[in-house]
Each structure stands twice: as C-alpha cells, then as structure tokens.
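Chemist: Requesting a structural model of the entry that follows:
(2 chains)
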There are 2 protein chains.
Amino acid sequence: MSKQSKQGLTVKKDENFSEWYPELIQKAEFADYSSVKGCMIIRPNAYSIWEKIQNYFNQRIEKLNVKNAYFPLFIPESFFKKESEHAQGFKPEVAWIENKEESERLAIRPTSETIIYDSYSKWIRSHRDLPLRLNQWGNVVRWETKATRLFLRTREFLWQEGHCIYETKEECDKETLIYLKEYKKLCEDLLAIPVIMGKKTEKEKFAGALYTTSIESFMPDGKALQMATSHNLGQGFAKAFNIKYLGKDEKEHYPWQNSWGLSTRTIGALAMIHGDDQGIVLPPNIAYNKIVIVPILFDKDKEKILKKANEIKIKLKKYNPILDIRDYSPGWKFNEWELKGIPIRIELGPKDMQKKQVTLVRRDTRKKEFVKFSNLSKDIDKMLKDIQKNLFNNASKFLELNTIYVKNMDDLKRAIKNKKLVKAPFCLNTKCEDKIKDEADGAKSINIPLDQPKSIKDNCVYCNTKAKVICLFAKSY
Amino acid sequence: MSKQSKQGLTVKKDENFSEWYPELIQKAEFADYSSVKGCMIIRPNAYSIWEKIQNYFNQRIEKLNVKNAYFPLFIPESFFKKESEHAQGFKPEVAWIENKEESERLAIRPTSETIIYDSYSKWIRSHRDLPLRLNQWGNVVRWETKATRLFLRTREFLWQEGHCIYETKEECDKETLIYLKEYKKLCEDLLAIPVIMGKKTEKEKFAGALYTTSIESFMPDGKALQMATSHNLGQGFAKAFNIKYLGKDEKEHYPWQNSWGLSTRTIGALAMIHGDDQGIVLPPNIAYNKIVIVPILFDKDKEKILKKANEIKIKLKKYNPILDIRDYSPGWKFNEWELKGIPIRIELGPKDMQKKQVTLVRRDTRKKEFVKFSNLSKDIDKMLKDIQKNLFNNASKFLELNTIYVKNMDDLKRAIKNKKLVKAPFCLNTKCEDKIKDEADGAKSINIPLDQPKSIKDNCVYCNTKAKVICLFAKSY
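Modeler: Numbers count the residues shown, from 1 in each chain, chains lettered A, B, ... in the order given. The predicted model follows:
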C-alpha cells in the first residue's frame, strides 16, 4: 500500500514534524496543492473553519461600528509609489498583470491600503465623516519564492483587512489596540490558541506604518507564528493620498489611520498546535460538526440501533452531528473521523442499547465514557466545554514551558537551538537585531510584549548597553 | 450647488434612465467608480445586500449537500486550451499576469471550471466519491472593453460558482434545474424580482456547456438582464481533464458535470427595478436595516422623545433599526434615508408623544400611517410583509404589461423599438437568430422559457418555417 493511499498518518508529530504537517493537512482534506505553483486549494473541512472565523469576527466588529465593503483587486503602480516605505516593502513580492490598453501597470493587491485610501481621499471632507471604519474580506497575492507550505506560505491567501480613519492620534492608538485585543480573543476563545500581544521592532514593522502591533503564537517545532497584526499608520498615507478633513475648528487636517488583518494561516497554526499522530484535533468552538455518530450495526439489532441513532442526531441537532451509515467498518470510520478531528464520537452498539447508553470518545484525550441516554445532552455540552478548555490549557502549558528568559548570547543561541521562545533584554537597536539573527541561526525579533516589567535591570542581550525592553526572539514562519 | 453635492437625485427615472441609474448607485452609496479603469468599489450599503444573499444561499445549498471551498485565482494557459469551446469563448476577455519565473502563462480566473476540474481529476476515483458538490464565493475578472456600468459591467465582480459532478446524465439534468429553481426563489423571495426560467439557444450558451439554463429579468429601460445561469456541462470537461470514476460495474466511466453562478449584478437589477426618483427602494427581506427612527426634537420635549425613541429601537431590535440623532434637520434625514431605501421610517415628535403614537412612512408608496405604541411591533411586521409583496407585484405587473407576443418581423422590430420583451415563435436556427439581431436593433435571444405551450402553431418569426419553440427576444445588458 502506498504512503498516500494509507488511511491514517504515516509519520509522527514528535519524530518528523516537517513531514507530519503537510501529510496531516492533505489527509484530513483541509487543503491540497494546486497545479498552479505556490497556490493551494482550501477544501470544505478547512473552509468551514474560515467561515466560522468570518461569522464570529463579523459579529464582533459590527459592535465596533465597522462595516464590510469591497475594493478592486488591482492597484495602479503609481499608487504604490506614493508612500515610499510601503512601495519598497512590497516591491519584491508584487504580481503584475500584462498590459492591455492601459497606460499604467496594474498590480494584484498584496494588501489594499493604497487602493482604499485613494477612495477615502474622495469620500472624506469633514470631521462629520470620521471615524470611518471599513473591513474587507478577500484574497491577496504575494509572490513568494520560498517553498510552498499549505496555509503558511502560499502565493494567494484569504484574509480580512480593516481600514479605519480618525481625527486624532489618541483615537487611532486606542482602536489599533482594540482590534489587536479582538484578535487575541478570537484566537483564544475560538481556536484555543494562546497568543502574546506585543509591538514589532522598527525592523519588523509593516512597510509604511508608524508602528505595528501583533499577536504571536508558538508552534510545536519551536517556531513563532504571527497570527494577526494591527498597524497604526500614522498620517503617512493620509499625506501621500491627500486625505484631509475640515475640523470643528474650520481648518484642514490630516487624519490618522490604522489597518489590521488576520488570514487563513491561522488555520495552519490550529492544525499544528492541536493536531496529533491520529490527525486534526478541532476545538469544539471552531468545529462545524462537533459530533459524529457511528452506529455499530449487526443484522439482528440493525433497525433498532439505526432508529435510536437518528433520534440522537435530531436531539443533538445544534451540534451539527454527522451520522455515518456508510458501508465501511466501524474501525475505519473511527480512524476517518479522528483524522478529521471531530471533537466527540458517539458509538452506539447492541450492548449500549441494552444498557440504554452510548459510548462517548473525546478526540483530545481519546478517553471513553459511557453516558445514559437520558443524560446525553447535558454530558455532551459539558464534554465539549471541557475539550475546548483542555486544548487551550495544553497549548498554554506548552508555551509557558518553552519560553526562556536569557541574559547573554550564549544562552540565547543555546535556547534557539533547543527550539525555545526566547525572552531577552534588548536595546532596540536594529544593528543588534541583525547581529542576533546572524549569530543565532536566523532567529528574529518576534515582538515586544505589551506586558513589560516595571523596570529592566539587565543589559541588552547583544551589546550589553542599557536594555529598553524585554523582547521575544525565535525562529519564525 | 454642484450636481454632485446636491443631496437627492437630479434626474428622473422615467425621463433619463441611463443617467438616473449611475447617479442613484453613487448617491445612495451603493458603489463608486475606482481609479482603476473598469473596476468598482462596493460600499457597505450594497455589500450588506451581498452578505444577505450569501447567508440565504449558503443555508439553501447546505440542504442540497453543497459545501464551500476555495480554489486558486490563477489558471494556467494550458488548462483553458484543454476544452476548445471554453478556450475560444473566454479568449478575448482574459487578463494575464506578467511572467515571473514561470514557464507557463497564468490567467486570472474569468470562471473556475478548468482549475477546479484539474483537482476533481485527482480527487475522484470511485462511484463512492460521487456526487461531489462544491461551491466557491469569490472574485472573477473579465476584461470588458465596453463602458463601465456599476454592478452590471465591470472588469472584476463578485459571484458564487457551484461545481457538481455526478455518475449519470439524469442526476446532472435534475440538479442543474434544482439550482436554477433556487436562483428563482432567491430573486423572488429576497429581491422581489420576478424572473423567467429558460434555456439558452446554442448561440448564447456557456462556452463548453452541453446546454445552459438561465433566469432572466426585465429592466424598466426595456432591456433584459440575465440574473443567474445553471449549465449542464455534459462530459466535455471530464474528457478534457481526464476525470474518470470506477463504477459499481467495476468499469471506468466519465462523470457528468454542472456549474451554476449568480453575481453582484443582481444588486444592479434590484436598484433599477425598485428604485424611484427619491432613490433606492429596498425590499424588506434584503434590507439589513429595515427601519430608521427619526425623532423630531424640540428643546421642550427632547429628553422624553429621545427616551421613547430608544425604547422603540430596543423593542424593534430584530429589524436592526437605525436611530438617527445626528445634527441635521428632520427633512434632510427623511431625504437621506429615502435615498438609501430603508423600507420604513418611524417619525416621533411631540404630537405623536401626546397621542401615544408614531408616524410610519413606508418607502415604496411613501404613504403615512399613525400607529399606537401598543400596536407597533405587530403593525411593523405587517407593513414589512406588505412592502415586500407590493414590490414583487409591481415588478410582476411591469413584466407582464411589457411582454408582447409577435408573429412577424415587423411586429418584432416595432416591439423592440418600443422597449418590449418579445415572445416569438422560433425555428432555433442560429442564422435566423443572427438576422433578428441585425435587423431588430441588436435584440438577442434571451432564453427559451421552460414554460412552453403544448403545441406551437405559428411559424418562425424570421424564416417562416415551422417553429420549434417560443423564444424570448430583447435588447439586453
């Protein structure tokens, strides 16, 4: 039997993470490679996760008075050039379309600041038009040249990008943080992934931003993964695109802007963090089908068991249960649904029927429990909550255990080698950041956690001058 | 005051439809032109309509076991060429991206049959894998060279495209029709737009299809507008992409396929059909905000009225009411919300307070009604249903009154000149179809309604040989 056709995973997470991950993603039918180099196909099992994220996030941002809109896929070359840092930052990875009758080259959006702010300059006249808060769900293209990694590095991906514009820096600062906190909440409550909120260094900030904040998670292979960013863009784009408003003081002012985004790469993080040697493990809050019912059918009791299984399906409707009556063996089905990560499996066989019970198997611990028919709804609800909590706790413990504070480069290098997330005192000098990267096997600054000690006693891990912050360093995706 | 800055519409629908429409779309903040030629911006007032369509349609197709997925934006040139009719059909309107390191040219999808069926050929092995039903929401690009019309003709638009694959022609025929009927239901129930289901002629069918079915609506300017299509693709793409399945008979077979799509152009139809000289008229079922509350505030009763307005807002929460307390005059606000098409306006002033009532103004007829506080919920519900029904009835009457049966070319030409939707006996010969177009000012065959008389007595409107069908002809978008 070939590797690809075997039902379950052929490599173990602990033994060969870098082969385990793509096999997991493909066999669980989360995604597939495409004939177009660098592009991926998001299959229904993963797309339903993206839809859950969309629904959840739309409800949250609606309360923050953000509205959804849609702007063009194409961006004129001259728009990029208006904000010079932005233009430089995205230059290598922009895809262009072949010139037809147009005089100007058109890019496929790698991000939409410029095309959106061109419209803002037409729409905004007065302080009455502010704040303006729009969000867009869509596809973006960045022409990656490194090897494709499903969900993590592809030339096209899906995301949302929010673009808000305010009268004052204070409002802009405040809301830049609000969106960051929304992302944290989404990751923790929905995906069961703990994240660290922080500020990017000057070197790592978004091209054209005043400053960038991010949430970062830590993967089992010792790499950090940026889950979302929220940028305070300052007034740079407003000046470049000539966005002005007439203030209450009857004078013209440049407004302040932020932008913030979260992409389908979060689905990759979800798979990496919770997945195991049997497959995906879905946190119940993100699972569309939270339950699968597998009836164990023998000729004798077949009809009775099927009837009961159907009753259970109807009773548990709100969890979108799958009732699997396909012509496969129970064992095959168990493997299949474990591979796909369904949080709870309900088994129902002749013995269960006799005892007026079902067998519940939870995906996270794979432990069995017998539950009387009469207690089913209550116990399922409790178990789902417990799985969600357990997954988050395990991921939090992993993060905690693998975070190390270091004071010198020898310790930093050793920690990076041991696949740790490193906390180190740092002077904020870009030269030190470059040197650390050179000497510590490519480790980058991840972010400067918002949660900082009151005073920093240690000196910079690299140059030994006074440290200004505690900064996270790690290899990263 | 310039034309653009005046609050309301400056042209009348009956007097100058072709100027009324773009002014309506822009002033109601449904959409705006972009600096990228041929592209548009869908603003929140219209994007919320698209989201309603998405939510409604997702619920419907879920019941039909269709799942959502996402395929790449790019299509290799060789994929287009695999199905020759398809390649020819889309050749003039495809946008290509500039070659980077790739050996093959990449198109931006104008539709996704080829890129999706490339994956189907990898995924489908056995009859157990069929039927496979996937749907994609996304953007597509067709490089139009004619003048841009917001929602109706743009180089990029949003749509959904469903792609299903079956063992037999019978299943495929059956479900091709099921999706068409879903589109009809969506247009009628949600958008209050009556449509005619029919089959396209050979000349007008989708490039690569066995046959194309469509739903067509009729606009106030005498042009037909295709609202959605559902194609039976036969086995052509399966053969071109080498999609085969092992049947229950243990032999290899080519499966049958359909594809079906509905786009943001339906929003343009909605605006054209229901809109009037005051602005957009939203059918309640598609309106996100079904109600606007405008308190009439004088210093004396201000607090009391505001308190009551807030109570009403909470009471009517399920209709997402807007409470407009901005610093503008009531008259300005009335105009604003009529322009944007909110189905019901609630006015609440000192007199209303005294009488324990509100004034309701419905957007479709602009008639006033006084309703006691105690009856409000019930009466609002009734009025919303009545508006929905009234809009559909008006559009149906318009369609009926403007549909004319003709037996000869003189009558056909006169009817087209008079902006009618023409029903005519037709021999199905493409040469006749071309001649009709030439002689009747560009009128095209719209579709062959599914609802046909039992026998057709009249001869073909053009060649006077035996007619095979009754066909619709009109100018079209």
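
Chemist: so how far is chain B from the closest residue to residue A:182 other than its chain neighbours?
Modeler: Among residues not flanking residue A:182 along the chain, residue A:60 sits closest, at 5.5 Å (Cβ to Cβ, 6 or more residues apart in numbering or on different chains). Where C-beta positions appear, they are placed from N, C-alpha and C, glycine not excepted. Going from residue A:60 to chain B by Cβ to the nearest Cβ, to the nearest Å gives 15 Å.

Chemist: Could you do residue A:62 as well?
Modeler: Residue A:62 is 10 Å from chain B, by Cβ to the nearest Cβ.

Chemist: buried stuff in the helix or strand that contains the residue nearest to residue A:182?
Modeler: Assigned by DSSP states H and E, residue A:60 falls within helix A:44-63. Neighbour-count burial for helix A:44-63, with 16 or more other Cβ atoms under 10 Å in any protein chain shown as criterion, is recorded at A:44, A:45, A:46, A:47, A:48, A:49, A:50, A:52, A:53, A:56, A:57, A:61.

Chemist: Quick one: residues contacting the last one.
Modeler: Contacts for residue A:61 were tallied using Cβ atoms under 8 Å, 6 or more residues apart in numbering or on different chains; they are A:135, A:162, A:182.

Chemist: tell me which of the residues you listed is nearest to residue B:344?
Modeler: Using Cβ to Cβ, residue A:135 is the member of those that sits closest to residue B:344, with 27.6 Å.

Chemist: check contacts around that closest one.
Modeler: A:61, A:66, A:67, A:68, A:69, A:160, A:161, A:162, A:163.

Chemist: Show me which of the contacts of residue A:61 is closest to chain B.
Modeler: residue A:135 (9.4 Å; Cβ to the nearest Cβ).

Chemist: picking up where we left off before, restricted to helices, list the contacts of residue A:135.
Modeler: Using DSSP state H, the members of those that fall in helices are residue A:61.

Chemist: Quick check: the farthest pair among the contacts of residue A:135?
Modeler: That would be A:67 and A:161, which, of these, are the farthest apart (Cβ to Cβ) at 13.6 Å.

Chemist: Settle it for me: which of these two has more neighbours?
Modeler: The residue with more neighbours, out of residue A:67 and residue A:161, is residue A:161; 21 against 16, by other Cβ atoms under 10 Å in any protein chain shown.

Chemist: If we ignore the residues flanking it in sequence, what's nearest the more buried one?
Modeler: residue A:261 (4.5 Å).

Chemist: repeat for residue A:291
Modeler: residue A:321 (4.1 Å).

Chemist: Distance check, the one you found against chain B.
Modeler: For residue A:321, the distance to chain B - Cβ to the nearest Cβ - is 15 Å.

Chemist: what about that residue, how many neighbours?
Modeler: 22.

Chemist: where along the stretch 201-350 of chain A do the strands fall?
Modeler: A:211-218, A:223-234, A:245-246, A:252-253, A:256-263, A:291-295, A:322-323, A:344-348 (DSSP state E, counting those that start in this stretch).

Chemist: Put the alpha carbons of the fifth one into PDB.
Modeler: The C-alpha coordinates for strand A:256-263 follow below in PDB (Å, rounded to 0.1, in the frame of the first residue of the first chain):
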ATOM      1  CA  TRP A 256      -4.800  59.300  11.400                       C
ATOM      2  CA  GLN A 257      -5.200  55.700  10.200                       C
ATOM      3  CA  ASN A 258      -4.900  52.100  11.200                       C
ATOM      4  CA  SER A 259      -5.100  48.800   9.400                       C
ATOM      5  CA  TRP A 260      -5.400  45.300  10.800                       C
ATOM      6  CA  GLY A 261      -5.500  41.800   9.300                       C
ATOM      7  CA  LEU A 262      -6.000  38.200  10.100                       C
ATOM      8  CA  SER A 263      -5.500  35.400   7.400                       C
END
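
Chemist: what residues does the stretch 101-250 of chain A put near chain B?
Modeler: With the criterion set to Cβ under 8 Å from any Cβ of the partner chain, the stretch 101-250 of chain A comes near chain B through A:101-102, A:106, A:108, A:115, A:118-119, A:122-123, A:134, A:138-139, A:141, A:143, A:145, A:155-156, A:158.

Chemist: Who are the contact partners of residue A:60?
Modeler: Taking Cβ under 8 Å, 6+ apart as the test, what residue A:60 contacts is A:182, A:185, A:186.

Chemist: Apply 10 Å and report the result again.
Modeler: Residue A:60 makes contacts with A:66, A:179, A:182, A:183, A:185, A:186, as judged by Cβ atoms under 10 Å, 6 or more residues apart in numbering or on different chains.

Chemist: Could you check what's spatially nearest to the first one, not counting adjacent residues?
Modeler: In space, residue A:66 comes closest to residue A:133 once its chain neighbours are excluded; the distance is 4.3 Å by Cβ to Cβ, 6+ apart.

Chemist: a helix runs through the one you found, doesn't it?
Modeler: No - Residue A:133 is assigned strand when assessed by DSSP: H, G, I helix; E, B strand; the rest coil, not a helix.

Chemist: Let's see the pLDDT reported for the residue of the stretch 151-300 of chain A found nearest chain B.
Modeler: Relative to chain B, the nearest point of the stretch 151-300 of chain A is residue A:156 (5.2 Å; Cβ to the nearest Cβ). At residue A:156, the model reports a pLDDT of 97.

Chemist: Repeat that for residue A:301.
Modeler: 84.

Chemist: gap between the lowest-mean-pLDDT helix or strand in chain A and the chain center?
Modeler: When each helix and strand of chain A is scored by mean pLDDT, DSSP states H and E, helix A:84-90 comes last, with a mean of 86. Centre-to-centre, helix A:84-90 and its host chain are 25 Å apart (Cα atoms, centre = their mean, to the nearest Å).

Chemist: anything in the helix or strand just after that helix near chain B?
Modeler: Next along the chain after helix A:84-90, taking DSSP H and E as the criterion, comes strand A:96-97. Yes - Strand A:96-97 reaches chain B (Cβ under 10 Å from any Cβ of the partner chain) through A:96, A:97.

Chemist: Show me what the following helix or strand past strand A:96-97 packs onto, helices and strands only.
Modeler: Beyond strand A:96-97 on the C-terminal side, the first helix or strand identified by DSSP H and E is strand A:106-108. Under the contact definition 3 or more Cβ pairs under 10 Å, 6 or more residues apart in numbering or on different chains; DSSP states H and E, strand A:106-108 sits against strand A:74-76, helix A:77-82, strand A:96-97, strand A:132-141, strand B:96-97.

Chemist: could the ones you listed go into JSON lines alongside mean pLDDT and distance to residue A:229?
Modeler: JSON lines is the format used below for those (pLDDT from 0 to 100; distance: least, Cβ to Cβ, whole Å):
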{"stretch": "strand A:74-76", "mean pLDDT": "95", "distance to residue A:229": "20"}
{"stretch": "helix A:77-82", "mean pLDDT": "91", "distance to residue A:229": "19"}
{"stretch": "strand A:96-97", "mean pLDDT": "93", "distance to residue A:229": "25"}
{"stretch": "strand A:132-141", "mean pLDDT": "98", "distance to residue A:229": "13"}
{"stretch": "strand B:96-97", "mean pLDDT": "93", "distance to residue A:229": "26"}
